[in-house]
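Trainee: Following is a predicted model, sequence given first.
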Amino acid sequence: MLENENDDLHEQLALGDDRIDVLEQENQEIRSQLDRAQEDVLRQENELRTQSRELNNLKVSVIGMYDKTI
């Protein structure tokens, strides 16, 4: 009887170890996805800042041209 219980506990332990391995792999994949998403966000923020500066420069140019025509 104790041998059966011992076997059952070993089997449960093995299943638990397998589940931990799967969860660790899923965790690593999710972390990689998060890292890529954060890199994308930083690139988009930089692009928006650049476009904003360019837009402001164009506005200044247009205002300057308008002032010269008056």
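Mentor: Structure received.

Trainee: what number of residues lie near residue 51?
Mentor: 10 (other CB atoms under 10 Å). (Glycine included, C-beta is placed from N, CA and C.)

Trainee: Does it lie in a helix or a strand, and which?
Mentor: helix 2-69 (DSSP states H and E).

Trainee: distance between that helix and the chain's centre?
Mentor: Counting by CA atoms, centre = their mean, to the nearest Å, helix 2-69 is centred 0 Å from the centre of its parent chain.

Trainee: For that helix, give the mean pLDDT please.
Mentor: The average pLDDT within helix 2-69 is 96.

Trainee: Show me the residue at the heart of the chain, geometrically.
Mentor: residue 34 (2.3 Å; CA atoms, centre = their mean).

Trainee: Now do that residue against residue 22, distance only.
Mentor: Going from residue 34 to residue 22 by CB to CB, to the nearest Å gives 19 Å.

Trainee: And for residue 56?
Mentor: 51 Å.

Trainee: got it, and residue 68?
Mentor: Residue 68 is 69 Å from residue 22, by CB to CB.

Trainee: Counting neighbours, go ahead and name the busier of the two.
Mentor: Per other CB under 10 Å, whichever of residue 68 and residue 22 has more neighbours is residue 22, with 10 against 7.

Trainee: one step back: who does the helix holding residue 51 touch, helix- and strand-wise?
Mentor: Applying 3 or more CB pairs under 8 Å, 6 or more residues apart in numbering; DSSP states H and E, we find helix 2-69 packed against no helix or strand.

Trainee: quick one, what contacts the residue nearest to the centre of the chain?
Mentor: If a contact means CB atoms under 8 Å, 6 or more residues apart in numbering, then residue 34 has no contacts.

Trainee: do the same with the one 3 residues further on
Mentor: For residue 37, no residue meets the contact criterion (CB under 8 Å, 6+ apart).

Trainee: Let me know how buried residue 3 is, in neighbour terms.
Mentor: 7.

Trainee: so how far is residue 9 from it?
Mentor: 11 Å.

Trainee: Same question for residue 30.
Mentor: 31 Å.
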